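Colleague: Fold the following and give me the result.
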Amino acid sequence: MRWDGWGPLGQAGCDLLAQTLIACGHEEFTGRVRVSGSPGGTLHLRHGLVVAVESPGSPGPEALLLRSGRVTDEQWAELVREAGGSAWPVAGLIAHRYAGAVQLRVVCLQAMQDATFAVVAGVVTGCERAPEGEPAAPSPVGETPALLLQDAARRLLAVAELPYRVGPDRERPAPGTRAVPAVRLTALRRELLLHADGRRTARDLAFRTGRAVYAVTVEVARMLAEGLLECDEKPVPARLPGVRPGVRIAPRLRALPPAPARPELEARHEEAQAPAEPTDLPRRRPGASGINEALNPQRSKAS
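Modeller: Prediction:
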């Protein structure tokens, strides 16, 4: 059993995607970058900044927002009707005080990062530019391609270093034989045990629970290692092309020509990121990302 990571092209697939996106940033490209493969996806750029990433491999911002509990399915359906069928009724969400502008930006950023992870964790066979299209939920504040790719690389490395390596669209876990009282399980673990049936992958479970595919992949890996979940086949240790120890996307990005200075975009980015209201959507649980285990395995074992 093999997880391609950056796809059958290995390092070439990684470099192709990175080179294309960084070039788009340098050229202040406005349009789409369509990534072919499995699951593949589309990155929307405006003036060289990524404002949305859509992929069939991860839940979108709508699912993440509904999961937060700030708006019910019925309220969401009514907002969509009020907005004339808009897939992302920002004005209505703010007007009805279901969420603030800053909170919606947080959700959009989380969805972008998760979709990018889903794209690069699958099979990347190519990418091409396309004319501008209107994404369902564009972020008012774009992200630089370099930062987005570095975040995806960090997440891939964290998943690769977990005790039980799991691919978002590979293992199909079922409840294990180890019994643990429900009161000792987190809400996410209870949901995963409820929906894991031996047919659903981590990606399927992410859509089923309305959670980020990265968070679900990490939790599934931990639960498999602890015996709470089990698979018919044990994973065969295999190095992920492009995510081997000591290799990062960041060094390759630094080798590219520096992007031209764009003070007007930097000022707009900083201004938009300045918190104008409290953000209580959803809080990060320490250790949820799995990065601590990846970067400090000895310390994790000691604790």
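
Colleague: From now on I want contacts and neighbour counts done on CA atoms only, so please keep to that.
Modeller: Noted.

Colleague: May I ask which helix or strand encompasses Val124?
Modeller: Per DSSP states H and E: Val124 is located in strand 123-130.

Colleague: Please save the CA atoms from that strand in CSV.
Modeller: Output of strand 123-130 as CSV, limited to C-alpha atoms (Å, rounded to 0.1, in the frame of the first residue of the first chain):
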residue,chain,number,x,y,z
VAL,A,123,-2.3,12.9,-6.4
VAL,A,124,-1.1,15.9,-8.3
THR,A,125,-0.6,15.3,-12.0
GLY,A,126,-0.6,18.8,-13.4
CYS,A,127,-1.9,22.3,-13.1
GLU,A,128,-2.9,25.0,-15.5
ARG,A,129,-4.1,28.6,-15.4
ALA,A,130,-7.6,29.6,-16.4
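
Colleague: next SSE after it?
Modeller: Assigned by DSSP H and E, the successor of strand 123-130 is helix 145-160.

Colleague: So which elements touch that next one?
Modeller: Applying 3 or more CA pairs under 8 Å, 6 or more residues apart in numbering; DSSP states H and E, one finds that helix 145-160 contacts helix 11-26, helix 101-121, helix 213-226, helix 249-254, helix 291-295.

Colleague: So what touches the third one?
Modeller: Counting contacts by CA atoms under 8 Å, 6 or more residues apart in numbering, the residues outside helix 213-226 that touch it are 57-59, 114, 117-118, 155, 159, 162-168, 173, 189, 192, 202-203, 205-207, 229-231, 288-290.

Colleague: quick one: what helix or strand has Pro56 in it?
Modeller: Secondary structure (DSSP H and E) places Pro56 outside all helices and strands.

Colleague: in this protein, which helix or strand is least confident?
Modeller: Sorting the helices and strands of the chain by mean pLDDT, DSSP states H and E puts helix 291-295 at the bottom, at a mean of 43.

Colleague: Before we move on, what's the pLDDT of the residue most central in space within the chain?
Modeller: For the chain, the residue nearest the mean C-alpha position is Asp114 (0.9 Å; CA atoms, centre = their mean). Here, the pLDDT recorded for Asp114 equals 96.

Colleague: Now do it against Val50, distance only.
Modeller: 13 Å (CA to CA, to the nearest Å).

Colleague: buried stuff in stretch 213-232?
Modeller: Neighbour-count burial for stretch 213-232, counted by 16 or more other CA atoms under 10 Å, picks out 213-224, 228-230.

Colleague: Would you quantify the distance from the residue nearest to the centre of the chain to Leu65?
Modeller: Distance of Asp114 to Leu65, computed by CA to CA: 14 Å.

Colleague: Kindly report the same for Leu224.
Modeller: 28 Å.

Colleague: repeat for Thr217
Modeller: Distance from Thr217 to Leu65, by CA to CA: 19 Å.

Colleague: where does the chain dip in pLDDT?
Modeller: Counting by pLDDT under 70, the chain shows low-confidence ranges at 1-14, 233-303.

Colleague: Cool, thanks, signing off.
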